[in-house]
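Enquirer: A predicted structure for the sequence below; I have some questions about it.
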Amino acid sequence: MEIPPRQQFVQNPHDTIASSSREDTQVATYLTSTLDYRDNSQVQMFNIYSDEDEDDVLINTTPVELSSHMYEIDYNAMYKPEFPDLPNDCNYGLSHQSMKVIYILEWRITRTTRDLPPSHYLIKIEAFSLLIEAKVEKYKSSAFHAGGHQWRLVLYPTGNKESNGNGYISLYLEIENTGNLSLDWEVNVEFKLFVFDQIRDLYMAVKDIEVPVRRFYELKTKWGFSQFLSQEAFNNVANGYLVDDCCILGAEVFVIQRPLKLEKSVLQKPAGGTITWMIENFSNFDKEFYDSPVVTIEDIKWNLTVYPKGNYRSKDTHLSVYLKLSEPKTLQPMREVFVKQKLRLRNQIRSNHLEMIGENSFTTSKTSWGYPKFVSLEDLQDSSKGYMVRDSLIVEAEFILISKVE
């Protein structure tokens, strides 16, 4: 297994785990892998641990092998004491070297680093230690605006004890000033919470990927991470999160807007939903195209269009036939009319008509649909085919389904 370069060391493998953004107990399971790089082989031996055990008591020492798709590798979770001299761009292929990597089986939270600060809010907390000394249970930021609503960050400096936050700092996003919303209000949000690495000038973003959009409503006004970051990792100056008793937290909040209009679209087979056009003196048609008389179906005006000598690549070889919106500007802006239709050239001798079925959405900009090569001119003019009788032909459009907005 190829191991890319390490990005950053932390003290404790558990530091890279954040609990579920819902405030409940979440137990993560890890695999500790010793990767032995020798001249001719690579051996992966795994032992299973649980983070319920404070000292990582071994639960099962049976070696197991996992295929690559069963786990994720967190390269930030390497044990620093085992690799004090490895540079960040080190080559992990050295002979007789071993390294310990944490595999996360229940992968719900992503932690990524980036240069770009959060889009909506940053707070710099100075004299952070005073929160600990004063035994402040939770600390709220000032309100900020995002997505048409007011929000606050809620920090538990020593962890949310009611939600498995012991040993961590907990961080949440809370909606404010909901009294002016309707009784059945809800706000759906995709958000990330941040902590700033002041040494490396990077922002670490924490996000729930299992349920990326959270619903804020009357009974649930706060979402976040009870195990946002371990106190050990946070307090370690080498990690850059708490420097000179100062930390910087942040948030990005993207509100998923509810539809302002509920549109009811009904699919139906329209009564009288057939356009029949008898074309006489066809041999005298010398223009590029001709339109049939207009027919109104479900309050929309339609017509058929034929190109006697074909159009585009079918020029001089085929008859082209299209169904067309006669007055597209009468449609409401952005409206689409779904139509499943059957275009037909009637056989006037026998009942085996030439039919083609298709479906399309008509809009103010997509006004026609049909077939450039509907029938060859050779077959059309062959009297034995029955399509043209006494220099006349019958073209039809049958509406199988049409959508109607109510």
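Expert: Sure, I can see it.
Enquirer: Go ahead and confirm A205 touches D115.
Expert: No: assessed by Cβ atoms under 8 Å, A205 is found out of contact with D115, at 11.5 Å. (C-beta placed from N, C-alpha, C; glycine too.)
Enquirer: More neighbours: those two, which one.
Expert: A205 (19 against 8; other Cβ atoms under 10 Å).
Enquirer: who's in contact with that one?
Expert: Contacts for A205 (Cβ atoms under 8 Å, 6 or more residues apart in numbering) come out as 110-114, 118, 192-194, 252.
Enquirer: let's see it at 6 Å
Expert: 112, 192, 194 (Cβ atoms under 6 Å, 6 or more residues apart in numbering).
Enquirer: ditto for I248
Expert: Contacts of I248 by Cβ under 6 Å, 6+ apart are 124, 196.
Enquirer: Validate this expectation: E174 resides in a strand.
Expert: Yes: E174 forms part of a strand when assessed by DSSP: H, G, I helix; E, B strand; the rest coil.
Enquirer: Give me the contact list for stretch 390-399.
Expert: 270, 273-283, 297, 304, 321, 323, 341-346, 387.
Enquirer: Distance from the chain centre to it, please.
Expert: A distance of 47 Å separates the centroid of the chain from that of stretch 390-399, by Cα atoms, centre = their mean, to the nearest Å.
Enquirer: same thing with stretch 274-286?
Expert: 50 Å.
Enquirer: what do you get for stretch 278-287?
Expert: So, by Cα atoms, centre = their mean, the centroid of stretch 278-287 is 53 Å from its chain's centroid.
Enquirer: swap in stretch 201-216?
Expert: With Cα atoms, centre = their mean, you get 14 Å for stretch 201-216.
Enquirer: what mean pLDDT would you report for it?
Expert: For stretch 201-216, mean pLDDT is 94.
Enquirer: buried residues in that stretch?
Expert: By neighbour count with 16 or more other Cβ atoms under 10 Å, stretch 201-216 contains the buried residues 202-208, 214, 216.
Enquirer: give me the low-pLDDT residue ranges for the protein?
Expert: 1-107, 259-262, 406 (pLDDT under 70).
Enquirer: the helices in it, which residues?
Expert: If DSSP state H is used as the criterion, the helices of the chain fall at 129-133, 231-235, 377-381.
Enquirer: The contacts of stretch 390-399 in strands, which ones?
Expert: 274-279, 297, 304, 321, 323, 341-345 (DSSP state E).
Enquirer: So what's the residue count around P308?
Expert: So P308, with other Cβ under 10 Å, has 19 neighbours.
Enquirer: Ok, I300 next?
Expert: For I300, using other Cβ under 10 Å, the count is 19.
Enquirer: and the gap between it and L323?
Expert: To L323, I300 is 11 Å away according to Cβ to Cβ, to the nearest Å.
Enquirer: From the contacts of A205, pick the one nearest E263.
Expert: Comparing the contacts of A205 against E263 with Cβ to Cβ places K192 closest, at 32.4 Å.
Enquirer: So in terms of bridging, what pairs with that closest one?
Expert: E252 (DSSP bridges).
Enquirer: Would you check that it makes contact with E252?
Expert: Yes: counting by Cβ atoms under 6 Å, K192 does reach E252; the two are 4.7 Å apart.
Enquirer: Need the buried residues of stretch 201-216 in JSON lines (columns: distance to P308).
Expert: What follows is the buried residues of stretch 201-216, written out as JSON lines (distance: Cβ to Cβ, whole Å):
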{"residue": "L202", "distance to P308": "69"}
{"residue": "Y203", "distance to P308": "67"}
{"residue": "M204", "distance to P308": "69"}
{"residue": "A205", "distance to P308": "63"}
{"residue": "V206", "distance to P308": "67"}
{"residue": "K207", "distance to P308": "61"}
{"residue": "D208", "distance to P308": "62"}
{"residue": "R214", "distance to P308": "61"}
{"residue": "F216", "distance to P308": "63"}
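Enquirer: And the residues you listed, which is closest to Y290?
Expert: Nearest to Y290 among those: R214, at 58.5 Å, using Cβ to Cβ.
Enquirer: Find the residue closest to that closest one in space, skipping its chain neighbours.
Expert: W223 (4.5 Å; Cβ to Cβ, 6 or more residues apart in numbering).
Enquirer: Just the ones of the buried residues of stretch 201-216 in strands?
Expert: 202-208, 214, 216.
Enquirer: Report the beta-bridge partner residues of the closest residue to H120 other than its chain neighbours.
Expert: Once flanking residues are discounted, H120 sits nearest to A146: 4.2 Å by Cβ to Cβ, 6+ apart. Beta-bridge pairing for A146 (DSSP bridges): H149.
Enquirer: For A146, give its distance to K404.
Expert: 39 Å.
Enquirer: Neighbour count: those two, which is higher?
Expert: Higher neighbour count among A146 and K404: A146, with 18 against 15, using other Cβ under 10 Å.
Enquirer: what's the spacing between stretch 299-312 and its chain's center?
Expert: On Cα atoms, centre = their mean, the centre of stretch 299-312 falls 40 Å from the chain's centre.
Enquirer: Could you pull out the buried residues of it?
Expert: Per 16+ other Cβ under 10 Å, stretch 299-312 contains these buried residues: 300, 302-311.
Enquirer: I297 reaches A271, doesn't it?
Expert: No: using Cβ under 6 Å, I297 is not in contact with A271; the gap is 9.1 Å.
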